[in-house]
Structures are given as C-alpha cells and as structure tokens.
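# okay, sequence plus prediction incoming.
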Amino acid sequence: MTVAVVPGSFDPPTLGHVDVISRAVEVFDRVLIAVVANPSKSPLFTADERTAMLEEICTGWENTEVDSFDGLLVDFARDKGAGVIVKGLRAVSDFEYELQMAQMNHHLSGVQTVFLPTSPDHAYLSSSLVKEVGRFGGSLDGLVSPVVAAALKERFE
C-alpha cells in the first residue's frame, strides 16, 4: 500500500489545493492531508479550523485522512508510514523552491517527492490572493469551496 502526504498551510484551502488532493487520491492508496500547525506566516485560521475545513471538503474520498503537525514534514511522514510527499506546482517559480525542499527531505529520510501540476483552471490561485479577495468582500466563487467561503466571510465580518 502506497501512502502519500499532501502537506501545506492551507490557510485557507483553495480549489487549487483540492485539485492536487483529488489527483493524489486517484494515484495513491492512502492520502494524508497534512496541515502545518505552526507555519512561519501568521495564519488567518488556526490549525484546527483548517483541519476541520479540509475534513469537510474531503468527506467524499474514503482513502483520505486530515491531520496537523508541527515540526519536520519527514518526521510526520515517517510516523504515519508515508513514503511519498505530493506537492502541487502552479508555476516554474514554485519548482525551484519545491525542488530544494524535495532534495532536503530525501537527504533527511529517503522519502520521495512527486510533483503534480495544478490544473490550469486553478494555477493562478494562492491562499494569499484568496484572503485578499475575501477581506475586501470580493466574490469567492470558483476560488474556494462553500465551507471555506463561509469561514472567510465570517472571519472578515
């Protein structure tokens, strides 16, 4: 059984994140969505809130589990029995940073990283842009799931 981890801050989860998760679900036997509990950025939503949103979004996939972690991703992956890390790429600029991370993760633990390009329909999305749109009352249609849109609306009221 191949277990893969799809990590991220998911602050908030966008349809780009969901696109990468949905394709990972098709490829791997079990997919762990790993919410970084203590990212270097100041999150808008707590790790528990982000985990709850992702659990609701992923209810249709039986082979997924959502969890949060603090510390090294490779330690989380090892503790969960995952041998693969899945990272979504939006643009070439993402690749340089993610390649360095993949090489470091492999050096530390031997874990492999698989890159999945985000669908062109979602390649322009980022959590930062979504938060900006939500902060100023713009339409979140086509950017996030309804559960995330509601959470953003509530947070910015």
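All right, it came through fine. Residues are numbered from 1 along each chain as shown.
# what number of residues lie near Pro13?
When neighbours are defined as other Cβ atoms under 10 Å, Pro13 has 29 of them. The C-beta positions use only the backbone N, C-alpha and C, and glycine is treated the same way.
# who's in contact with the worst-scoring helix or strand of the chain on mean pLDDT?
Within the chain, confidence by mean pLDDT, DSSP states H and E is lowest for helix 92-109 among all helices and strands, at a mean of 92. Helix 92-109 is contacted by residues 72-75, 77-78, 85, 87-89, 111-113, 115 when judged by Cβ atoms under 8 Å, 6 or more residues apart in numbering.
# repeat that for 7 Å
With Cβ atoms under 7 Å, 6 or more residues apart in numbering as the contact definition, helix 92-109 has outside contacts at Leu73, Val74, Arg78, Ile85, Lys87, Leu89, Val111, Gln112, Thr113, Phe115.
# now, those residues that are in helices?
The members of the contacts of helix 92-109 that map onto helices under DSSP state H are Leu73, Val74, Arg78.
# just the buried subset of the residues you listed, please.
Neighbour counting over the ones in helices among the contacts of helix 92-109 (16 or more other Cβ atoms under 10 Å) leaves Leu73, Val74 as the buried ones.
# which of the ones in helices among the contacts of helix 92-109 lies closest to Gly134?
Comparing these against Gly134 with Cβ to Cβ places Leu73 closest, at 27.4 Å.
# name the SS class of Val130, please.
helix (DSSP: H, G, I helix; E, B strand; the rest coil).
# looking at the closest residue to Gly137 other than its chain neighbours now. What's its pLDDT?
Leaving out its chain neighbours, the residue that sits closest to Gly137 by Cβ to Cβ, 6 or more residues apart in numbering is Phe156, at 7.5 Å. In the predicted model, Phe156 carries a pLDDT score of 94.
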